[in-house]
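Undergrad: Build the 3D model from these lines:
(one chain, ligands or ions: 1)
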Amino acid sequence: MFVKICGLSEPEHVEVAVEAGADAIGLVMTASPRRVTPSRAAELAALAPSHVLTVGVFMGEPVEEVRQAAQAAGVGAVQLHGRHPHADFTALKDLGLTLVRAVAADADLRTGAFDEDLLIVDAPRAGAGEPWDWTAVRGRPSGNWLLAGGLDPGNVRQAIEAARPWGVDVSSGVEVARGVKDSALIRSFLRAARS
Ligand SMILES: O=C(O)c1ccccc1NCC(=O)[C@H](O)[C@H](O)COP(=O)(O)O
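TA: You can find the predicted model right below:
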């Protein structure tokens with residue numbers, strides 16, 4: 001089970017996520033209480049070993065802005081969240097980074113349909129910690145895809161059984177307050193997702 005811990009902003013939490021076995025960490029570079037600047041994202045990304053995918057998360061920014069921020073941060077992947085057109089993914093291909101498309105369940109759920117490498121199927125509101133009907137996507141996405149939206153250490157097993165994803169992605173469910181991550185919750189989430 002591939003696990004992405006998203007919205008990290010403190011070195012301590014990057015270290016905990018890595019040590020607990022996260023496959024990817026998300027650094028939010030769009031409007032959010034979790035937002036980090038490209039230079040802060042670079043500091044955080046530098047703490048992750050090469051086997052952990054560092055993901056810059058964007059939503060609605062022009063593609064040139066995404067390109068510059070991703071390069072400045074030195075991340076290994078770009079996540080375009082929401083209704084980015086196919087052309088945005090095409091325009092970023094030459095960066096040579098892993099491209100991640102994050103959408104709600106009413107979108108095209110074929111991984112690679114927009115030339116992305118990885119798909120995230122999320123709740124309608126990104127990063128809001130809102131559980132949704134995970135059973136609705138069971139068997140629908142193709143290829144490698146992550147389930148997101150309202151997951152936490154207590155419900156992630158049930159969500160995996162409901163949707164049968166290749167991986168999971170969490171943000172609010174490993175926080176003690178909006179935008180404030182918690183080391184114990186990060187560890188519990190990873191244990192529960194892999195149990
Ligand atoms: O986390 C945010 O604040 C955010 C803001 C705008 C676009 C995307 C954002 N997060 C992206 C993620 O990949 C989250 O992990 C995903 O939406 C799940 O969030 P949650 O329901 O809080 O676990």
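
Undergrad: which residue ranges form the helices in this structure?
TA: 11-19, 38-45, 63-73, 86-92, 156-163, 183-194 (DSSP state H).

Undergrad: Output these in JSON lines, with mean neighbour count, distance to I5 and mean pLDDT appended to each entry.
TA: In this view, the C-beta of every residue, glycine as well, is placed from N, C-alpha and C. Formatted as JSON lines, these follow (neighbours: other CB atoms under 10 Å; distance: least, CB to CB, whole Å; pLDDT from 0 to 100):
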{"stretch": "helix 11-19", "mean neighbour count": "19", "distance to I5": "4", "mean pLDDT": "98"}
{"stretch": "helix 38-45", "mean neighbour count": "18", "distance to I5": "12", "mean pLDDT": "98"}
{"stretch": "helix 63-73", "mean neighbour count": "17", "distance to I5": "17", "mean pLDDT": "98"}
{"stretch": "helix 86-92", "mean neighbour count": "16", "distance to I5": "23", "mean pLDDT": "98"}
{"stretch": "helix 156-163", "mean neighbour count": "18", "distance to I5": "12", "mean pLDDT": "97"}
{"stretch": "helix 183-194", "mean neighbour count": "19", "distance to I5": "6", "mean pLDDT": "98"}
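
Undergrad: Any chance of CSV for these, columns distance to the ligand?
TA: As requested, these are exported to CSV (distance: least, CB to the nearest ligand atom, whole Å):
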stretch, distance to the ligand
helix 11-19, 12
helix 38-45, 13
helix 63-73, 12
helix 86-92, 15
helix 156-163, 10
helix 183-194, 10
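
Undergrad: In space, what's closest to whichever residue of the chain sits closest to the ligand - neighbours in sequence excluded?
TA: For the chain and the ligand, the shortest gap (CB to the nearest ligand atom) falls at G127, measuring 2.4 Å. Nearest non-adjacent residue to G127, counting by CB to CB, 6 or more residues apart in numbering: S171, 5.1 Å away.

Undergrad: need the contact list for the one you found.
TA: By CB atoms under 8 Å, 6 or more residues apart in numbering, S171 lies in contact with I5, C6, G7, G26, R34, G127, G129, A148.
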